[in-house]
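K.L.:
one predicted model, sequence on top.
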Amino acid sequence: MSRTELSGDLITYSGADQPVPALAIVADRRLSAAALSALLLKDPSYQIARREHGVDQVRAMLARERPSVMVLDVHAPALFALLDASDFGVRMLLLLDPDDDPSIFAGARSHGYLSRRASREALQAAIAELYRSGAYLDPLLMRVRGRRAPSGLSLRERQILVWIASGRSTKEVARACAITPKTVGNHVNNMVQKLHLRHRGQLVIYAAQQGLTTV
């Protein structure tokens, strides 16, 4: 892939409720970046402050502007290493197709995942929730991936399994699911029993075997 095939828009928000001070839209296709930005710009409170093309230029923009949230829509896993969220102190919202291979996005170190089929309202809600709580997982993606997991686990248990296997702490999972850490622990214990495992650590291995993440 050419190093010029990456585009990024820096978007600010001027509304009173301010779901996020500033965010970046980054995609490996110019049309994708433009379309996502246009989706947000239907709300006049959103404005494009800067637009860059090329990996080096986009990385420089992220390093300089330090947006709170980055919406990432890329199709080449190799770009994940170049856009590591930890390099820029940003919370990353990764866009996925419902049938994407989970082993690919598991290495992206993202804080949230949203379906590419999401509406403008869903995109705005995901950005606001990610900025507020530090985590977001699209229920649509969970429903699709849930069909691949054993029917013995509930939807909530499968959701928690993905977060735990991705390296999230109990407190982070609790915030993402809007439940208490104690409730997360109860779900974990239930999963260990249902899957006939010995301890929580084996859940990560189990998730990898099911194609839900990588180890």
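P.N.:
Received it, and whenever you're ready, just let me know what you need.

K.L.:
for residue 56, phi and psi?
P.N.:
With angles defined as degrees, to the nearest 10, residue 56 sits at phi -60, psi -40.

K.L.:
nope, residue 12 is what I was after
P.N.:
phi -110, psi 160.

K.L.:
format the CA atom coordinates belonging to stretch 165-180 as PDB.
P.N.:
Extracted as PDB, the C-alpha positions of stretch 165-180 are listed here (Å, rounded to 0.1, in the frame of the first residue of the first chain):
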ATOM      1  CA  ALA A 165      -9.700 -11.200  26.200                       C
ATOM      2  CA  SER A 166      -8.700  -7.800  24.700                       C
ATOM      3  CA  GLY A 167      -6.800  -6.900  27.900                       C
ATOM      4  CA  ARG A 168      -9.400  -4.700  29.600                       C
ATOM      5  CA  SER A 169      -9.400  -4.500  33.400                       C
ATOM      6  CA  THR A 170     -12.500  -5.300  35.400                       C
ATOM      7  CA  LYS A 171     -13.100  -1.600  36.100                       C
ATOM      8  CA  GLU A 172     -12.800  -0.800  32.400                       C
ATOM      9  CA  VAL A 173     -15.300  -3.600  31.500                       C
ATOM     10  CA  ALA A 174     -17.700  -2.400  34.100                       C
ATOM     11  CA  ARG A 175     -17.600   1.200  32.700                       C
ATOM     12  CA  ALA A 176     -18.100  -0.100  29.100                       C
ATOM     13  CA  CYS A 177     -21.100  -2.200  30.100                       C
ATOM     14  CA  ALA A 178     -22.500   0.300  32.600                       C
ATOM     15  CA  ILE A 179     -22.500  -2.300  35.400                       C
ATOM     16  CA  THR A 180     -20.500  -2.700  38.700                       C
END
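
K.L.:
what comes up buried for it?
P.N.:
Of the residues in stretch 165-180, 165-166, 168, 170, 172-177 count as buried by neighbour count, 16 or more other CB atoms under 10 Å. (C-beta placed from N, C-alpha, C; glycine too.)

K.L.:
just say helix, strand or coil for residue 48.
P.N.:
Three-state assignment for residue 48 (DSSP: H, G, I helix; E, B strand; the rest coil): strand.

K.L.:
is it true that it touches residue 13?
P.N.:
No: counting by CB atoms under 8 Å, residue 48 sits too far from residue 13 to count as a contact (11.4 Å).

K.L.:
now, the most widely separated pair of the buried residues of stretch 165-180?
P.N.:
165 and 175 (17.2 Å; CB to CB).

K.L.:
close enough to count as contact, residue 123 and residue 112?
P.N.:
No: at 11.1 Å, residue 123 and residue 112 do not qualify as touching, with contact defined as CB under 8 Å.

K.L.:
which of these two has more neighbours?
P.N.:
residue 112 (23 against 19; other CB atoms under 10 Å).

K.L.:
that one - nearest residue in space that isn't next to it in sequence?
P.N.:
Leaving aside its chain neighbours, residue 112 sits nearest to residue 136 (3.3 Å; criterion: CB to CB, 6 or more residues apart in numbering).

K.L.:
got the domain boundaries for the chain?
P.N.:
For the chain, the structural domains run 7-137, 148-209, going by automatic domain parsing.

K.L.:
endpoints of the first one, how far apart?
P.N.:
Between the start and the finish of domain 7-137 there is a gap of 24 Å, counting by CA to CA, to the nearest Å.
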